[in-house]
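> Show me the folded form of this:
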Amino acid sequence: MKKYIIFGISFIILFSAFQILSGYFLTLFYTPDITGAWNQAGNLSSNVVIKGGSFINPLFFAFLAATIAYFTPKIFVKNNNK
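Prediction:
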């Protein structure tokens with residue numbers, strides 16, 4: 001159980017760090033197309049809808065997938081030893 005707790009904590013920390021670094025590098029190397037955006041601005045609606053996402057949901061599902069991946073080999077190894 002101790003190995004799983006260490007795995008879980010390290011996974012959450014590494015997942016968060018990789019998400020932040022990925023966002024940083026994507027923002028750093030992004031070059032906007034200003035003229036293309038200006039040409040399309042006339043067709044847009046004047047209403048603004050702000051919709052925020054949650055960081056918890058992707059982290060939860062990634063942690064759930066990592067948990068399943070962590071315990072799956074143990075199930076198959078246990079069945080082969082019988």
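
> so where's the protein uncertain?
Within the chain, the stretches with pLDDT under 70 are 53-56, 77-82.

> Just the buried residues of the helix or strand encompassing Ser22, please?
Element membership for Ser22, per DSSP states H and E: helix 2-28. Neighbour counts over helix 2-28 (16 or more other C-beta atoms under 10 Å) mark Phe11 as buried. The C-beta positions use only the backbone N, C-alpha and C, and glycine is treated the same way.

> Centre of the chain to whichever helix or strand comes after that helix, how far?
Once helix 2-28 ends, the next helix or strand along the chain (criterion: DSSP H and E) is helix 34-40. Mean C-alpha position of helix 34-40 versus that of the full chain (C-alpha atoms, centre = their mean, to the nearest Å) differs by 30 Å.

> Alpha carbons only: can I get helix 34-40 in PDB?
Extracted in PDB, the C-alpha atoms of helix 34-40 (Å, rounded to 0.1, in the frame of the first residue of the first chain):
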ATOM      1  CA  ILE A  34      -3.600  38.500 -36.600                       C
ATOM      2  CA  THR A  35      -4.700  39.300 -40.100                       C
ATOM      3  CA  GLY A  36      -6.800  36.100 -40.400                       C
ATOM      4  CA  ALA A  37      -8.400  36.800 -37.000                       C
ATOM      5  CA  TRP A  38      -9.200  40.400 -38.000                       C
ATOM      6  CA  ASN A  39     -10.800  39.200 -41.300                       C
ATOM      7  CA  GLN A  40     -13.000  36.700 -39.400                       C
END
